[in-house]
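**Student:** Here is the input, now give the coordinates:
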Amino acid sequence: MKLAAIAVALLLPLVAGATAAADDEFDFFYFVQQWPGSFCDTDRGCCFPDTGKPAAEFGIHGLWPNYAKCRPTADDGPEAAASIDMVVDDDGSHHHRRRQKCWPEYCNNSNNLHPWEIKDLIKDLDANWPTLSCKGGGGGSSMEFWAYEWKKHGTCSGLGQHDYFAAALDLKRRDGGLAGILAAAGIVPSEDERYLLSGIRGAIANATGAIPNLECNRDAFGETQLYQVYQCVSRDGRTLVDCLLPMSGKCSGTVKLPPF
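**Tutor:** Numbers count the residues shown, from 1 in each chain. Presented below is the predicted three-dimensional model:
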């Protein structure tokens, strides 16, 4: 499989006030939202934060800097955790495996999230970016989740702490939210209905003006369901663009959208 360069449109400059490390080069953001029903109905289940059961709406997973093309990297060292194995066509007849770094992460491990930097956003973050993980017994505040996302992805974003989380919240509010967009197209949570993946992608693209990528998972009975929506955002953290990188996403032609 030959690696092809993929152009990403509207790669705008970073906003002022950048605080990430010098190795925060990236081409675009993935703004990722997950459907809580598809998180919770798997074998691993879910746990609600101390603010209670989240609303039946897509919740933010993260705002992730990403490369338009994976880059070669060593098999060990700090970059290895952000790399994946890619099969590279060597000379048309031979194949070998090479490590590829496809996104930056942990660009500044000394830059911890400071709760006071986002204190005016806490209420919105609780409502729109809740943790559903049962790690550590589950429950409790979502602050640990936000701190992890900041350390892993936010420190590579070129944004300050407040601007990073505010950008994600602004993106989620666009066009009335993903659940509303899908409902307007007749795609609503159901125990029995299955929906065309192309219909889901088309509904989001028509409403937002940009083609998303989609990721699926399987419920406890092995049924394929819509899990996460990846929207591509230019480097300004505001402008939605078409997602041009291919993503298999473990999806089939039709998927479920389970109730939550």
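**Student:** Can you name the element that comes right after the top strand by length along the chain?
**Tutor:** Longest among the strand segments of the chain by residue count, using DSSP state E, is strand 224-233. Downstream of strand 224-233, the first helix or strand assigned by DSSP states H and E is strand 240-241.
**Student:** That following strand packs against which elements?
**Tutor:** Applying 3 or more CB pairs under 8 Å, 6 or more residues apart in numbering; DSSP states H and E, one finds that strand 240-241 makes contact with strand 224-233. No exception for glycine: its C-beta is placed from N, CA and C like everyone else's.
**Student:** How far away from the center of its chain is the strand it packs on?
**Tutor:** How far strand 224-233 lies from its chain's middle: 8 Å, per CA atoms, centre = their mean, to the nearest Å.
**Student:** How about stretch 139-152?
**Tutor:** Taking CA atoms, centre = their mean, one finds stretch 139-152 lying 15 Å from the centre of the chain it belongs to.
**Student:** Just the buried positions in it, please.
**Tutor:** By 16 or more other CB atoms under 10 Å, the buried positions in stretch 139-152 come out as 141-143, 145-147, 149-152.
**Student:** And for stretch 43-57?
**Tutor:** Residues of stretch 43-57 classed as buried: 46, 48-49, 51, 54, 57 (neighbour count, 16+ other CB under 10 Å).
**Student:** What lies in contact with that stretch?
**Tutor:** The list of residues contacting stretch 43-57 from outside it, by CB atoms under 8 Å, 6 or more residues apart in numbering, reads 36-37, 39-40, 126-128, 130-134, 137-142, 177-179, 189, 220, 259-260.
**Student:** swap in stretch 112-125?
**Tutor:** Residues from elsewhere that reach stretch 112-125, judged by CB under 8 Å, 6+ apart: 142-143, 146-147, 150-151, 154, 160-162, 165-166, 169.
**Student:** Give me the mean pLDDT for that stretch.
**Tutor:** For stretch 112-125, mean pLDDT rounds to 98.
**Student:** Much appreciated, bye for now.
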